[in-house]
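Engineer: Would you be able to build a 3D model of this:
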Amino acid sequence: MEKFFARVGLTARGIVYLLMGLLAYLLAGSSHVEVDQGSVLDKVFLRPGGRLLVGLIAIGFFCYALWRFFEAGFGVTGEKRGVGNRVISFVRGLIYLSLTVTAVSIYNGSRQHQSTQQRSYAIDILSRPGGRVALGSLGFIIIVVGIAGVYDGLNLKFMSHFQGEKLSSTTRIWISRLGQIGIISRGLVFVIIGSLLVSAAWRNNATKATGLDGALKTLKNEPFGGFLLILVAAGFVIFGIYGLAEARFQDI
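Structural biologist: The predicted structure follows:
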């Protein structure tokens with residue numbers, strides 16, 4: 001059952017990243033596009049048959065969360081025993097459980113825009129005692145996760161999950177290249193998101209806490225921002241393809 005949850009969840013994640021890559025590409029030519037998992041599902045929902053697809057993606061996200069919670073409880077396949085990997089799996093499970101709630105809200109026809117939700121969360125955190133420290137710490141953690149992702153991508157650490165003999169040498173090479181580019185791209189975006197949260201805490205300004213959508217729009221305003229956004233879009237698409245390869249070939 002664990003393998004089923006993992007493969008369904010990885011497939012759903014891969015599809016969403018493919019769509020996020022498309023939205024990031026569209027954002028390069030327009031400032032009126034939102035790019036995050038929720039916005040992707042909003043747009044899917046409006047298409048013919050979209051409600052059914054959003055429902056299936058919600059199930060996929062829920063399966064992914066269950067798989068990560070299973071790893072948190074019983075250990076991560078292909079990794080050394082230890083608390084660190086289990087904590088990471090637990091956090092990933094919480095993230096995808098939250099995305100499941102978002103998908104279900106869209107399925108039911110009611111959801112705030114992701115950027116509005118993130119600002120309201122940031123405002124709530126900053127209004128509490130120690131809120132600036134808490135928000136800054138969260139941003140710092142996300143930066144560390146992003147740097148770790150870049151490191152894992154550069155060193156091909158993710159290939160430890162593809163040890164099965166069923167992989168041909170050509171397939172292994174393609175998976176390593178797709179994973180390297182996709183994971184590094186995602187890690188760099190996490191660094192930008194974390195930096196925005198740290199900036200929001202430092203300036204006591206919740207409008208800076210805008211998540212993925214705000215990170216990409218901030219990137220767009222930099223020199224050569226449109227070109228950089230196209231690179232990010234390509235990275236998301238590649239990560240999506242890699243995610244589908246994970247669903248098919250990863251040792252689980």
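Engineer: need the next SSE after the helix-or-strand element of the chain with minimal mean pLDDT, C-terminal direction.
Structural biologist: Lowest by mean pLDDT, DSSP states H and E among the helices and strands of the chain is helix 114-126, with a mean of 57. Moving toward the C-terminus from helix 114-126, the next helix or strand (DSSP states H and E) is helix 131-154.
Engineer: buried ones in stretch 183-203?
Structural biologist: 183-198, 200-201 (16 or more other Cβ atoms under 10 Å). C-beta: built from backbone N, CA, C; applies to glycine.
Engineer: mind listing the helices for the chain?
Structural biologist: Taking DSSP state H, the helices of the chain run over residues 2-27, 37-45, 50-74, 83-107, 114-126, 131-154, 169-203, 211-220, 225-249.
Engineer: next one: the third one to chain centre, how far?
Structural biologist: Remark: helix 50-74 is offset 14 Å from the chain centroid, using Cα atoms, centre = their mean, to the nearest Å.
Engineer: If you count contacts, what does that helix end up packed against?
Structural biologist: Using 3 or more Cβ pairs under 8 Å, 6 or more residues apart in numbering; DSSP states H and E, the elements in contact with helix 50-74 are helix 2-27, helix 37-45, helix 83-107.
Engineer: looking at the ones you listed, which is closest to residue 66?
Structural biologist: Proximity of those to residue 66 was assessed by Cβ to Cβ; the nearest stretch is helix 2-27, lying at 4.8 Å.
Engineer: quick check: mean pLDDT across the closest one?
Structural biologist: Across helix 2-27, pLDDT averages out at 84.
Engineer: can you check stretch 74-88 too?
Structural biologist: Here stretch 74-88 scores 69 as its mean pLDDT.
Engineer: first to last residue in it, what's the distance?
Structural biologist: 13 Å (Cα to Cα, to the nearest Å).
Engineer: roughly how far apart are residue 22 and residue 96?
Structural biologist: In this structure, residue 22 and residue 96 are 21 Å apart, going by Cβ to Cβ, to the nearest Å.
Engineer: Comparing the two, which residue is more hemmed in?
Structural biologist: Comparing residue 22 with residue 96 by neighbour count (other Cβ atoms under 10 Å), the higher total belongs to residue 96, at 25 against 18.
Engineer: ok, back up a step: comparing the helices of the chain, which yields the minimum mean pLDDT?
Structural biologist: Note on the helices of the chain: lowest mean pLDDT is at helix 114-126, with a mean of 57.
Engineer: Give me the number of neighbouring residues for residue 155.
Structural biologist: Using other Cβ under 10 Å, residue 155 has 10 other residues around it.
Engineer: Could I get the phi/psi values of it?
Structural biologist: When quoted as degrees, to the nearest 10, the phi and psi of residue 155 stand at phi -100, psi 10.
Engineer: Make TSV out of the helices of the chain and add distance to residue 163.
Structural biologist: Output for those, formatted as TSV (distance: least, Cβ to Cβ, whole Å):
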stretch	distance to residue 163
helix 2-27	15
helix 37-45	30
helix 50-74	17
helix 83-107	16
helix 114-126	37
helix 131-154	16
helix 169-203	10
helix 211-220	32
helix 225-249	10
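Engineer: related to what we said a few turns ago, take the helices and strands packed on helix 50-74 and write them to TSV, including distance to residue 53.
Structural biologist: Formatted as TSV, the helices and strands packed on helix 50-74 follow (distance: least, Cβ to Cβ, whole Å):
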stretch	distance to residue 53
helix 2-27	9
helix 37-45	5
helix 83-107	10
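Engineer: Which of the ones you listed sits closest to residue 62?
Structural biologist: Taking the helices and strands packed on helix 50-74 one by one with Cβ to Cβ, helix 83-107 is closest: 4.6 Å.
Engineer: Summarise which helices and strands that closest one is packed against.
Structural biologist: Helix 83-107 sits against helix 37-45, helix 50-74, with contacts defined as 3+ Cβ pairs under 8 Å, 6+ apart.
Engineer: Figure out how far that helix is from the centre of its chain.
Structural biologist: Relative to its chain's centre, helix 83-107 lies at 10 Å (Cα atoms, centre = their mean).
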